[in-house]
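> sequence first, predicted coordinates after that:
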Amino acid sequence: MVTNTNAAPGPVLELAGIHKAFPGVKALSEAGLRLYPGEVHTLMGQNGAGKSTLIKVLTGVYTPDAGTIRLDGEDVRPASTLEAQQLGISTVYQEVNLCPNLSVAENIFIGRYPRTWFGVDWKAMRAQATELLLQLEIDIDVTQPLARYPLAIQQMVAISRALNISAKVLILDEPTSSLDEAEVQLLFRVLRRLRGQGMAILFVTHFLEQTYAISDRITVMRNGEREGEYLASELSRLALVNKMVGTAAQGAQDATGQAPGHQGGATLLAAQGLGRKGALQPLDIDIREGEVLGLVGLLGSGRTELARLLFGADQADSGAIAIGGNTKTFDTPRDAIAAGIGFCSEDRKHEGAILSLSVRENLILALQAQAGVLRAIPFKRQQQLAQDYVQWLGIKTASIETPIGSLSGGNQQKVLLARWLATNPKLMILDEPTRGIDVRAKGEIMDYVTALCRKGMSVLFISSELPEVLRCSDRMVVLRDRAKCGEYVRGELDDATVLQVIAGEAA
Amino acid sequence: AKPLVIGFSQVGAESEWRTANTVSIKAAAKQAGVTLKFADAQQRQENQVKAIRSFIAQKVDVIAFSPVVESGWDTVLREAKAAKIPVILTDRDVNVADKSLYVTLIGSDFVEEGRKAGRWLVDYAKKQPGKTLNIVELQGTVGSAPAIDRKAGFDEVIKGNPQLKVLRTQTGEFTRAKGKEVMEAFLKAHGRSINVLFAHNDDMAIGAIQAIEEAGLKPGKDIAIVSIDGVRGAFEAMIAGKLNVSVECSPLLGPQLMQAAKDVVAGKPIAKRIVTEERVFPAEIAAKEFPNRKY
Amino acid sequence: MTAPQLKVVPPAPERPAVPQRRSNLLSHPLLKPVLALAVLLALDILFIPGFLKLEIKDGHLYGPLIDILNRAAPLMLAALGMTLVIATRGIDISVGAVVALSGTVAAMLIGGTMVMNNGVPEYVANTPMPLALAAALGAALLCGAWNGALVAGLKLQPIVATLILMVAGRGLAQLLTDGQIVTVYYQPFFFLGSGYLLGLPFALWVVLAVLLVVGLLLKKTALGLFIQTVGINPVAARLAGIRTATLIFLVYVFCSLCAGMAGLMISSNIKSADANNAGLMLELDAILAVTLGGTSLAGGKFSLAGSMIGALIIQTLTWTIYSLGVPPEVNMVVKAIVVFAVCLSQSAGFQQLWKRRK
Amino acid sequence: MNTASVTSGAAPAGAGIMSAPWFTSLVTVLLLVVLLAAGGAAYPGFLSEQVMLNLLIDNAHLLVIAVGMGFVILAGGIDLSVGSVLALTTMVAAWLLHTAHWPPAAVILAVLVLGAVFGAAQGALIHYFQLQPFIVTLAGMFLARGLCYLISIESITIDDPLFVAASQTQVPLVGGFISPGAAIALIVLAIAIWVSRRSAFGRAVYAIGGNEQSALMMGLAVGRTKVLVYAFSGFCAALGGVLFAFYMLSGYGQHAQGTELDAIAAVVIGGTLLTGGYGYVAGALSGVLVLGTIQTLIAFDGTLSSWWTRIVIGALLFVFCVVQRLLSVRSHQS
Ligand SMILES: Nc1ncnc2c1ncn2[C@@H]1O[C@H](COP(=O)(O)OP(=O)(O)OP(=O)(O)O)[C@@H](O)[C@H]1O
Ligand SMILES: Nc1ncnc2c1ncn2[C@@H]1O[C@H](COP(=O)(O)OP(=O)(O)OP(=O)(O)O)[C@@H](O)[C@H]1O
Ligand SMILES: [Mg+2]
Ligand SMILES: [Mg+2]
């Protein structure tokens, strides 16, 4: 483990002419990157541009087909993530890559345990882990298995693991995708401190705000190539977007058009006293036809829980749901789906994608399940659907038959969204639907969703990106500490007040 | 007085023969008014050892068992001796350094059975002088005591004889299914050149008979068949003229066991080896014998 | 691929998807198993004179190849059911026991005993055969339901859940027969295991029929998709609205049903039911067949055809060992070596051992 | 892994056990006690010290094997070859002593190395050639048994003084005695527990079982660990073989038929998930004791025929697993 000693003038890390092809896809061609000590360098690009692949190449997950990697001036070719770590490159990959069965503490320290003469020193490990997480203001029981915590927490754990490896290069692939504003600010504070210590930080995100908030330098990738490297201060947002997209498209902001100030029609769904011990205190919530209902709250405020209860993914132990005339509780997702509800989970990897099945199969899955096992959707029809959505949402894939697992993160997310849209539900529950989706696609998707609402579909929208929620929702329900603490209609809240409300400072 | 308690550890129920053996022992025990503690080892030696240990713990009067395999009994038998519990072996010997570890062995002698089969074949050969007889052999489960001993006895007898030549030998694992499968393969490989089949037990012979018939040959005529055990099925086959001879290996050891146990406890002297009289059943007498077969 | 990501993207794949699907589903995964089988057969042709010899004996084909097919039939059936179980990331080690049970039930019901009256053997049959067969398969169904309930209902781990029946099932069979081998004397029953139809073993036709039915089901319904989904990611499957529990339950039932049919074939073939030995270790051979056929025990993608070929590989190997005159004590070593060889030749790692981390 | 990593609340399989791996193990112990109590009530002399200690003596080899199996299963694999490797080691040991006249110490050392190498070879095949553990070890199982018969199809008696001594020495313990073999088994268990809990290797095993891909991404030496795990399992099988040789004083190709299943059952009953990553090595002991107790119960009953023996074993297994399952689910909900 090399701790950062000198901040040499030259780049610590330099990649040039990197090529990487996968069956059917040319992921990287002539890709490159220069990383200087003491800078935060942001890697931008659309979904499937090749960011993650580039990172995986330089950390030894993939071996490049061609190209050079120079660390401190000498050629290196890490053959494994272990070697990369030993070279002083510490990484957080896009999908959380931790062990669900191990305790939080262990996930942070595995491979680098504090020891006593008697082996692993669990006490010390717990203490240090708790302390590390507290730096990120996460206060959880680090002895619990990681799988007990929501994605956001897992994300933070992964980050603190990477931070804890004293390295000269720190790489973060979309670390903020599932974090909320507060968490992001915390992360940035830490990053700035490390930058101050001369560490070179590579950062991937789709949020323009974050990019400009933290980065000194920006490398834009497009279709696996390095489009260019710019100083953040010299590149306007619009210019950046255009470089990513590759045409003089209109800026991202306009891409996400305003949703209607639409007050919704008749009540579609009304839940009374819906709750579950330990997850959510009983609350009432109603959703009208054709409206976007936003759920806002801090991490762990219980938004996902509410969503899961509404969808029957977890059984509510109190309350009932009135929909389509009759009142019931959903015991299984099937019931909810039958009642015309769709649910796009926040945990893409474990609750969404069937990784080794094709894009087509993943896409028609819910529809087929709805149709029942016997009434198979004709193959032609499946292809038609798949192609349409691939085109519609601009999903970047070699073909509709490629396994979804080999798609880029954002593109996977789009496929899963399509899975539910295909069932055209009356109510669509979107938990962090825009996670890991590039700025342009995000606009497109939100437009698409609001368009569907105009056609009468209702949406329950959960996102840690407050601006997005504010922009899209007709009404907002605020959750705090797993209980409902307010309901507001569009306009009642703005970027400033909403923060107070969810943090519980407002009167 | 309180009834005699015998702990008996049986090998398993791997064959009809074995089941008949179990039945005989249970019946005899009931008849002799003996309390029988019966433990089935599912063909595993370690289970037998466990059973014997538990018999010792239960302080039975006599321990009897049919060893899965000869070797490996010293330790546990010592414990039995230390607990002053006499041990009787049935149907198989054990090789222990100190023969005083058991009082007697009741039962058949696999090697002798092999020899009997061999002798019958030698006589059979005499009847067609000058003709060499090609033999195929269906062995029992590889490594099992009966398989090894029966083969040994058989080979010993036919060794010198120029007329008898073993073409093929393969394991039929003592089962009908395997016996049939292997015989099929033999028939494909050698067809009519096979004159004799020697099967280590009746079940394999019965399986093989089917294979021979399906090959369009006449079991018992085109291919003479010698097997061992003398179970019901064998007799049916012999009556139908499909099996030439079955060497008896009597499972009916119950009465003798009970008698021996009583004698031991009564302190009477008993022979180290109690041989059960066993006969050879050629097809000719099968029909006559059939009604008085108990298994 | 290199088109900029605009709202108006050309439909991604120009290549029509159908042939690609073919190549994924059929030729590619099957290639290696087929090759392995071919090599094995080639060896036989070289070393065993008259291996290909086929004569007509009383109206049906007769020869080594027929033997292999006939003997492989039960294994093929077992492998068929096992494939689906494995696809759901499960395993069923009770197959052998179910074989014993169904065989026993059938044999006992049809049964028949030989009575001697003045030296002349006479046979008497008991229950009508259709009834007996139905009962046997019914027993198998019950076993399947039992396994399914434990795995899908109680969520026991498949291997333990089925271990219970593996142990107890054989016991039940022996209980029925009192440990005796039940011999059947009723001619029509033998057709199942050793009869011939259009010159080929009847058992083979049964296998083909089942294969056909399952094949159609998988093709015409979404069964295949659902089974894979459940095998790969049960959580996601449930959230997508698939009846995971029901599906898993049915798969185990089907597996046992196949085992039951295999049991009928076996007992019919040897004209008797041997509760203690029938189908011993069949589960292992079935699993072996499935994996040799290229289906992963981790669940998900599966290939029925592959499993069938796997079964043929195993049976051919057994047959070869017998007819090459390999001494019995060497059998296992040979089998082991061949299995290693086949697996290695199939492994992705074998080709790209040196450039493993692509 | 998927089932294992549901966010809090979702109900499926993994969740129950996940909620408290130690709980399942605890349940096992409790049920074991109940089982013993039942035996004691039903059969006089069942609860005597020696009967309890016999559980250890008679199952020492199984315990050692189960420990090795525990690691393999925790790493998300499986090893079917252990039973045969055990038999092979008894055979090789017997042969070396009997025919080659090696000194006993050398023999023991040799067979242990043999077992470890055998395991390592399987591990290498599994990792570097990406073969499936089940199949590789199944073939390994055939191979090891086959090799036994190549040495000799008959059983070979061991009369070496050291082995005999090891077989007949009685280490006094609470009013009874255990065999040196049992003592060794317990020591192995203790070491294994330490390794699984306190060593980097042990933790890596858990990580790989939890999610191999992630373990790789976290920079753990996945390949080395996996090979080592199988090597360790092979070693345990060999050691089990040595203990078995002590126990039986013979080498035989048919020894320990089907022991691999017993070991797997023991590990799983001990509360370890076959999918890997969840459970405790210590569970092996409770698992083994449960199986042993069932056996002893049957022996004490002394009326069961072969088939009833099987049925009863099955029934007890069933009751056991179900109760265990229900209790751990209950614990998860409350
Ligand atoms: N293992 C793989 N097999 C095949 N294709 C792959 C694989 N990994 C990535 N690709 C392809 O490489 C391209 C780049 O993927 P990558 O994940 O680097 O994009 P990205 O920039 O990270 O996108 P996102 O912002 O959505 O994460 C995509 O087209 C993807 O389909
Ligand atoms: N900052 C935190 N400190 C401690 N625990 C937290 C924190 N954030 C979330 N949690 C944990 O998260 C769980 C609930 O999060 P969950 O994701 O279910 O709610 P949510 O509102 O949907 O959050 P998210 O924004 O991730 O969707 C709780 O178990 C809680 O322990
Ligand atoms: Mg990415
Ligand atoms: Mg959430």
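Good, I have the coordinates. Quantities reported herein were computed from a predicted structural model and do not represent experimental measurements. Ligands and ions are numbered 1, 2, ... in the order given.
> per-residue confidence for residue 133?
Defaulting to chain A. Note for residue A:133: predicted pLDDT of 93.
> not quite, go with chain B.
With respect to pLDDT, residue B:133 has a value of 93.
> ok, the closest residue to it other than its chain neighbours - contacts?
Leaving aside its sequence neighbours, residue B:133 sits nearest to residue B:195 (Cβ to Cβ, 6 or more residues apart in numbering or on different chains; 4.3 Å). Yep, even glycine has a C-beta here, placed from its N, CA and C like the rest. Applying Cβ atoms under 8 Å, 6 or more residues apart in numbering or on different chains to residue B:195 gives the contacts B:131, B:133, B:134, B:135, B:223, B:224.
> residue contacts, residue 73?
Let's take chain A. residue A:10.
> the chain in question should be chain C.
Residue C:73 neighbours (Cβ under 8 Å, 6+ apart): C:201, C:203, C:204, C:206, C:207, C:262, C:265.
> mind checking which of the residues you listed are in strands?
Applying DSSP state E to the contacts of residue C:73, the entries found in strands are residue C:201.
> can you pick the most crowded of the contacts of residue C:73?
residue C:262 (33 neighbours; other Cβ atoms under 10 Å in any protein chain shown).
> buried set for the host helix or strand of residue C:255?
Here residue C:255, judged by DSSP states H and E, is contained in helix C:244-269. By neighbour count on 16 or more other Cβ atoms under 10 Å in any protein chain shown, the buried set for helix C:244-269 is C:244-245, C:247-269.
> give me the secondary structure label for the residue in the stretch 301-450 of chain A that chain B sits nearest to.
Ranked by Cβ to the nearest Cβ, the top residue of the stretch 301-450 of chain A for proximity to chain B is residue A:373, at 37.8 Å. When classified by DSSP: H, G, I helix; E, B strand; the rest coil, residue A:373 comes out as coil.
> isn't it right up against residue C:222?
Yes: between residue A:373 and residue C:222 there is a contact under Cβ atoms under 8 Å: 5.1 Å.
> which one of these two has more residues nearby?
Applying other Cβ under 10 Å to residue A:373 and residue C:222 shows that residue C:222 carries more neighbours, namely 23 against 20.
> look up how far residue A:364 lies from the more buried one.
9 Å (Cβ to Cβ, to the nearest Å).
> spit out the residues that contact these two alike.
Shared contacts of residue C:222 and residue A:364 (Cβ under 8 Å, 6+ apart): residue A:377.
> if we ignore the residues flanking it in sequence, what's nearest residue B:49?
That would be residue B:76: by Cβ to Cβ, 6+ apart, it lies 4.9 Å from residue B:49.
> how near is the one you found to ligand 3?
66 Å (Cβ to the ion, to the nearest Å).
> keeping just the C-alphas, turn whatever helix or strand that residue lives in into CSV.
Counting by DSSP H and E, the element that carries residue B:76 is helix B:74-82. C-alpha atoms of helix B:74-82 as CSV (Å, rounded to 0.1, in the frame of the first residue of the first chain):
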residue,chain,number,x,y,z
ASP,B,74,-10.5,-56.3,17.2
THR,B,75,-11.3,-53.2,19.1
VAL,B,76,-15.0,-53.5,19.5
LEU,B,77,-14.8,-57.2,20.2
ARG,B,78,-12.3,-56.5,22.9
GLU,B,79,-14.7,-54.1,24.5
ALA,B,80,-17.4,-56.8,24.4
LYS,B,81,-15.0,-59.2,26.0
ALA,B,82,-14.1,-56.7,28.6
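> quick check: pLDDT value at the residue of the stretch 401-507 of chain A found nearest chain C.
Residue nearest to chain C within the stretch 401-507 of chain A (Cβ to the nearest Cβ): residue A:401, separated by 5.1 Å. Listed pLDDT for residue A:401 reads 93.
> surely it and residue A:358 touch.
Yes: contact criterion Cβ under 8 Å: residue A:401 and residue A:358 qualify, at 4.6 Å.
> what's the following helix or strand after the helix or strand bottoming out on mean pLDDT in chain C?
When each helix and strand of chain C is scored by mean pLDDT, DSSP states H and E, helix C:17-25 comes last, with a mean of 43. Next in sequence after helix C:17-25, counting helices and strands by DSSP H and E, comes helix C:27-47.
> now do the buried residues in that next one.
Under 16+ other Cβ under 10 Å, the buried positions of helix C:27-47 are C:29, C:30, C:32, C:33, C:34, C:36, C:37, C:40, C:41, C:43, C:44.
> residues contacting the residue positioned nearest the centre of chain C?
In chain C, the residue lying closest to the centroid (Cα atoms, centre = their mean) is residue C:79, at 2.0 Å. Contacts for residue C:79 (Cβ under 8 Å, 6+ apart) come out as C:285, C:286, C:289, C:290, C:293, C:307, C:308, C:310, C:311.
> among these, which one lies nearest to ligand 1?
residue C:293 (25.3 Å; Cβ to the nearest ligand atom).
> the residue of the stretch 401-507 of chain A closest to chain C looks like it's in a strand, true?
No: applying three-state DSSP, one finds residue A:401 to be coil, outside a strand.
> and the strands in the stretch 51-200 of chain A, which stretches?
A:66-71, A:74-76, A:89-92, A:115-116, A:119-120, A:169-173, A:200-204 (DSSP state E, counting those that start in this stretch).
> and the next helix or strand past the helix or strand hosting residue B:188?
Per DSSP H and E: residue B:188 is located in helix B:176-190. Note on helix B:176-190: by DSSP H and E, the next helix or strand toward the C-terminus is strand B:196-199.
> by contact count, what packs against that following strand?
helix B:110-127, strand B:133-139, helix B:202-214, strand B:224-229 (3 or more Cβ pairs under 8 Å, 6 or more residues apart in numbering or on different chains; DSSP states H and E).
> make it 7 Å
strand B:133-139, helix B:202-214, strand B:224-229 (3 or more Cβ pairs under 7 Å, 6 or more residues apart in numbering or on different chains; DSSP states H and E).
> how far out from the middle of the chain is the longest one?
Its chain's C-alpha centre and that of helix B:202-214 lie 19 Å apart, by Cα atoms, centre = their mean, to the nearest Å.
> how near is residue A:159 to residue A:153?
Counting by Cβ to Cβ, the gap from residue A:159 to residue A:153 is 11 Å.
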